[in-house]
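[1] Okay, structure incoming, though there's no sequence with it:
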């Protein structure tokens with residue numbers, strides 16, 4: 001059997017501090033591509049030292065939608081995507097080739113487990129591990145929406161996505177935040193550059209406050225991650241409130257905010273059973289894809305209102 005060709009892709013913008021580790025962990029792929037968004041540091045030079053093919057593109061507020069364009073340029077049968085602040089575990093070459101050889105006929109995409117760091121600490125609680133990421137897939141098998149941190153869609157259906165258990169596949173190591181300050185800065189940037197619905201009539205500030213309650217409950221697991229877990233939960237709750245205010249401020253005309261009315265409604269929207277369900281779903285990307293596909297199908301079958 002002919003061994004399939006694998007293309008590794010890394011997107012960069014001023015990523016010199018972390019890029020070397022990302023590219024070194026992909027040194028074994030058949031084709032290595034770097035998509036650079038007008039870096040002003042040594043990112044392009046580092047890519048050259050790793051013999052990567054560099055594609056230059058304009059700065060974009062969200063990298064997710066840009067990925068589709070450059071995945072299409074890959075010459076490999078399979079594509080492995082990393083962010084510039086990620087790297088693969090040392091066992092990746094053997095395990096990736098084994099996954100494709102053993103299960104590549106049955107599945108079109110693999111969700112790999114990921115370790116997320118805050119400083120030097122691996123965050124294991126609050127749904128942060130295994131944190132499955134759809135990063136290894138047949139060319140053309142996935143599409144990313146143009147939104148921050150939204151999983152790609154497997155075009156052949158959720159049944160063709162395989163979650164690789166941490167004991168069977170390579171881990172992605174995500175050195176995403178050097179400290180809490182950087183986490184706060186990043187979250188604010190994501191919130192300011194995200195896409196929000198533009199219909200004032202559908203705006204509901206209580207939904208954002210409910211999201212804040214949810215983040216406090218989901219993210220805080222001090223028994224696993226100590227006080228950093230509680231600090232991260234507070235940041236993510238703050239993020240939900242900021243997004244609500246940014247969304248409200250973008251609308252024309254602005255609807256009534258009704259903050260005092262929204263608070264009790266938000267609290268009522270977060271029953272304990274839903275928190276437990278969200279904790280479970282947060283650990284299973286394939287199940288989230290399946291439920292989303294079922295929901296879309298049911299909505300299409302139900303009669304439309306009005």
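    Received, thanks. If you're wondering where the values come from, they're calculated on a predicted model, not measured in any experiment. Numbering: from 1, shown residues only.
[2] shaky segments in this protein?
    1, 267, 269-306 (pLDDT under 70).
[3] Mark out where each domain of this protein begins and ends.
    What the record gives for the chain is the domain set 6-175, 179-270, from automatic domain parsing.
[4] Next, format those as JSON lines and append mean neighbour count.
    All C-beta atoms are positioned from the backbone trio N, CA, C, and that covers glycine. Shown next, in JSON lines, are the domains of the chain (neighbours: other CB atoms under 10 Å):
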{"stretch": "domain 6-175", "mean neighbour count": "19"}
{"stretch": "domain 179-270", "mean neighbour count": "16"}
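[5] Quick check: bridge partners of residue 86?
    Taking DSSP bridges as the rule, residue 86 bridges to residue 174.
[6] Touching, it and residue 175? I think so.
    Yes - counting by CB atoms under 8 Å, a contact exists between residue 86 and residue 175, whose distance comes to 7.3 Å.
[7] Now do the shared contacts for those two.
    Overlap between the contact sets of residue 86 and residue 175, as judged by CB atoms under 8 Å, 6 or more residues apart in numbering, is given by residue 18.
[8] list the contacts for the most centrally placed residue in the chain?
    In the chain, the C-alpha closest to the average C-alpha coordinate belongs to residue 149, at a distance of 3.7 Å (CA atoms, centre = their mean). Counting by CB under 8 Å, 6+ apart, residue 149 makes contact with 64, 190.
[9] Tell me the gap between stretch 79-88 and the middle of its chain.
    Centroid separation for stretch 79-88 versus its chain: 12 Å, with CA atoms, centre = their mean, to the nearest Å.
[10] Need the contact partners of it.
    The contact list for stretch 79-88 (CB under 8 Å, 6+ apart) reads 6-13, 15, 18-19, 21-22, 24-26, 29, 43, 63, 67, 71, 96, 114, 135-139, 170-176.
[11] And stretch 34-49, by the same measure?
    Counting by CB under 8 Å, 6+ apart, the neighbours of stretch 34-49 from elsewhere in the structure are 9-16, 19-20, 23, 52-60, 63, 66, 70, 84.
[12] The same query, at a cut-off of 10 Å, please.
    Applying CB atoms under 10 Å, 6 or more residues apart in numbering, the set of residues contacting stretch 34-49 from outside is 8-20, 22-24, 26, 32-33, 50, 52-60, 63, 66-67, 69-71, 73, 84.
[13] Could you name the helices and strands sitting against the top helix by length along the chain?
    Counting residues, the longest helix in the chain under DSSP state H turns out to be helix 227-250. With contacts defined as 3 or more CB pairs under 10 Å, 6 or more residues apart in numbering; DSSP states H and E, helix 227-250 has these neighbours: strand 114-118, strand 121-123, helix 180-193, helix 205-219, helix 222-225, helix 259-268.
[14] and of the ones you listed, who's closest to residue 246?
    For those, distance to residue 246 was read as CB to CB. The smallest value, 5.6 Å, belongs to helix 180-193.
[15] Remind me what the closest one packs against, helices and strands.
    Secondary elements touching helix 180-193 (3+ CB pairs under 10 Å, 6+ apart): strand 114-118, strand 172-177, helix 227-250.
[16] That helix vs helix 227-250, what angle?
    Here helix 180-193 points in a direction 20 degrees away from that of helix 227-250 (axes from the mean of the first three to the mean of the last three CA atoms, to 10 degrees).
[17] would you turn the helices and strands packed on helix 227-250 into TSV with distance to residue 252?
    Output for those, formatted as TSV (distance: least, CB to CB, whole Å):
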stretch	distance to residue 252
strand 114-118	37
strand 121-123	39
helix 180-193	18
helix 205-219	16
helix 222-225	42
helix 259-268	20
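[18] can you tell which of these is closest to residue 241?
    Of all the helices and strands packed on helix 227-250, it is helix 205-219 that lies closest to residue 241, at 5.3 Å by CB to CB.
[19] tell me how far that closest one is from the chain's mean position?
    19 Å.
[20] Next, the angle helix 227-250 makes with that helix.
    Orientation note: helix 205-219 sits at an angle of 170 degrees relative to helix 227-250 (the same axes, to 10 degrees).
[21] which strands and helices sit next to helix 205-219?
    Identification of packing neighbours for helix 205-219 by 3+ CB pairs under 10 Å, 6+ apart yields helix 227-250, helix 259-268, helix 272-281.
[22] Can you lay out the ones you listed as TSV showing distance to residue 188?
    What follows is those, written out as TSV (distance: least, CB to CB, whole Å):
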stretch	distance to residue 188
helix 227-250	7
helix 259-268	20
helix 272-281	24
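[23] Can you tell me which of the helices and strands packed on helix 180-193 is nearest to residue 218?
    When those are compared for distance to residue 218 using CB to CB, the nearest one is helix 227-250, at 7.6 Å.
[24] moving C-terminal of the one helix or strand residue 95 maps to, what's the next helix or strand?
    Residue 95 belongs to helix 92-103 when elements are defined using DSSP states H and E. Towards the C-terminus, the helix or strand next in line after helix 92-103, according to DSSP H and E, is strand 109-112.
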